[in-house]
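1. Could you look at this predicted model? Sequence included:
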Amino acid sequence: MIGDGMGLAQITAGSIAKKTPLVLEKFRQIGLVKTYSTKLITDSAAGATAMATGSKTYNGAISMNIHQEKLKTILEYAEEADWLTGIVTTATVTHATPACFYGHQPTRSRVNQKLAAEFMTKNIEVLMGGGWNYFKEGLDGRDLIAEAQEKGYFVTDNIEQVGDYRPEKMICLISAKLPPRIKERGNFLPLAAKKAIDILSYPKSNFFLMIEGAQIDWGGHQKQSDYIVEEMLDFDRTIQEAFDFAEKDGNTLVIVTADHETGGYSINGGSQKEGKVEGKFTSDYHTATMVPIFAYGPGAESFTGIMDNTEIFFKLKYLMNLEVPKSSSD
């Protein structure tokens, strides 16, 4: 689970606003993650590539190394081992962070249709987020929505209408391009996470699921504390879904971290009693500060201490008992 742009101040803001403990406070294995790319300040593409492939790269790269060679991702390793896989996000499904788990492009700019086409070459069971237009109006006039339905996907634009139905494969694209803020998109993220877990865990399957709270980052870019808070609370409700499943299942590892911090955010005032947060920003972009990582479940102890973001890939591959190279690519 990736809270895009989520640093300690963002987590603290969510905790103050909630007025009761965040679900993260139930996680007892906690560490810190270094986020630099080939530059000190990473972007989401390089940050997600590091976590997804175990390799540092340049900003803007979608799971490609500095030589623009494809890097196999954790999701692709899982697919090869017949694990079920899924992606859920409050960005477009072709946005930098989710794309790095299935796509390979030398740049993140203007490649939405290319990434949608790449997705169609995979066997990912669940895809939920925004970006309907990039599938409906695909490269070379392709209708990837129709193609997905032909491949057996249940396709919808409304997670709430799915109800108790549990398809084997599902695509839910809630917006033409970028999804709106929570006032308009509602309870999408926790509902999507719950449905994805329901699909991927049945019947007692091994599965890998990446869930992104994307718009925590957007609140930082816009220097809006209220935006950060509402997204943190939405992400907290989503973490609750994953935690509840893992607690009941007993054999599921949940990891919550960030690709980077956004905004140089700090809390300079407010009220714990009233749930009021007064924040300040030093930037409208990302920062180099380390971000927290929380783990719960089998192998959670592997994620304590200070680590590089590339180590997350290797730790996961070891715990998932998947074939993995001995060291990361340059």
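-> Now that the structure is in, tell me what you want to look at. Numbers count the residues shown, from 1 in each chain.

2. Select the longest helix from this protein.
-> Among the segments of the chain that qualify as a helix by DSSP state H, the longest is helix 225-249.

3. C-terminal to the host helix or strand of Ala45, which secondary structure element comes first?
-> Element membership of Ala45 [criterion: DSSP states H and E] is helix 44-53. Next helix or strand after helix 44-53 toward the C-terminus (DSSP H and E): helix 74-80.

4. Give me the distance from that next one to the chain's centre.
-> Offset of helix 74-80 from its chain centre (Cα atoms, centre = their mean, to the nearest Å): 16 Å.

5. ok, back up a step: give the buried residues for the longest helix of the chain.
-> Across helix 225-249, burial judged by 16 or more other Cβ atoms under 10 Å covers 225, 227-243, 245-246. Every residue, glycine included, has its C-beta placed from N, CA and C.

6. The residue most central in space within the chain: what's its closest spatial neighbour, skipping adjacent residues?
-> Closest to where the C-alpha atoms of the chain average out (Cα atoms, centre = their mean) is Glu212, at 2.6 Å. Closest residue to Glu212 apart from its sequence neighbours, by Cβ to Cβ, 6 or more residues apart in numbering: Thr89 at 4.1 Å.

7. about what we covered before: run through the neighbouring helices and strands of whichever helix or strand comes after the longest helix of the chain.
-> Beyond helix 225-249 on the C-terminal side, the first helix or strand identified by DSSP H and E is strand 254-256. If you count contacts as 3 or more Cβ pairs under 8 Å, 6 or more residues apart in numbering; DSSP states H and E, strand 254-256 packs onto helix 225-249, strand 291-296.

8. Please state the offset of whatever helix or strand comes next after the shortest one from the chain centre?
-> It stands for strand 291-296. Sequence-wise, the next helix or strand downstream of strand 291-296 (DSSP H and E) is strand 305-308. On the basis of Cα atoms, centre = their mean, strand 305-308 sits 20 Å off its chain's mean C-alpha point.

9. Name every strand pairing with strand 305-308 and say which way it goes.
-> Within its sheet, strand 305-308 is paired with strand 29-34 (parallel), according to DSSP bridges.

10. quick one, the partner strand and helix 44-53 angle?
-> On the basis of axes from the mean of the first three to the mean of the last three Cα atoms, to 10 degrees, strand 29-34 is oriented at 130 degrees to helix 44-53.

11. What are the contacting residues of strand 29-34?
-> 257-258, 290-296, 300-301, 303-309, 312 (Cβ atoms under 8 Å, 6 or more residues apart in numbering).

12. Which positions in it come out as buried?
-> Of the residues in strand 29-34, 29, 31-34 count as buried by neighbour count, 16+ other Cβ under 10 Å.

13. can you list these in TSV and add distance to Leu200 and pLDDT?
-> Listed next are the buried residues of strand 29-34 as TSV, based on distance: Cβ to Cβ, whole Å; pLDDT from 0 to 100:
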residue	distance to Leu200	pLDDT
Gln29	23	99
Gly31	26	99
Leu32	29	99
Val33	25	99
Lys34	30	99
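
14. Can you tell me which of those residues comes closest to Lys114?
-> Val33 (29.2 Å; Cβ to Cβ).

15. Counting by contacts, list what the lengthiest strand in the chain packs against.
-> The residue-count maximum for a strand in the chain (DSSP state E) belongs to strand 84-92. Packing partners of strand 84-92 (3+ Cβ pairs under 8 Å, 6+ apart): helix 74-80, helix 96-99, strand 126-130, helix 188-200, strand 207-213.

16. chain center to stretch 137-149, what's the gap?
-> With Cα atoms, centre = their mean, you get 25 Å for stretch 137-149.

17. so where's the stretch 201-330 of the chain uncertain?
-> The model of the stretch 201-330 of the chain has pLDDT under 70 over residues 323-330.

18. so how far is Thr282 from Lys136?
-> Distance, Lys136 to Thr282, using Cβ to Cβ, to the nearest Å: 41 Å.

19. before we move on, what about Ala258?
-> Ala258 is 17 Å from Thr282, by Cβ to Cβ.

20. Not counting sequence-adjacent ones, nearest residue to Ser225?
-> Nearest one to Ser225, counting by Cβ to Cβ, 6+ apart, is Gly279 at 3.8 Å.

21. Pull out the buried positions in the host helix or strand of Glu278.
-> Taking DSSP H and E as the definition, Glu278 sits inside strand 276-280. Residues 277, 279 are the ones in strand 276-280 that count as buried (16+ other Cβ under 10 Å).

22. Residues touching the helix or strand following that strand, excluding its own?
-> Heading C-terminal from strand 276-280, the first helix or strand you meet, by DSSP H and E, is strand 286-287. With contacts defined as Cβ under 8 Å, 6+ apart, strand 286-287 is touched by 5, 7, 41-43, 260-264.
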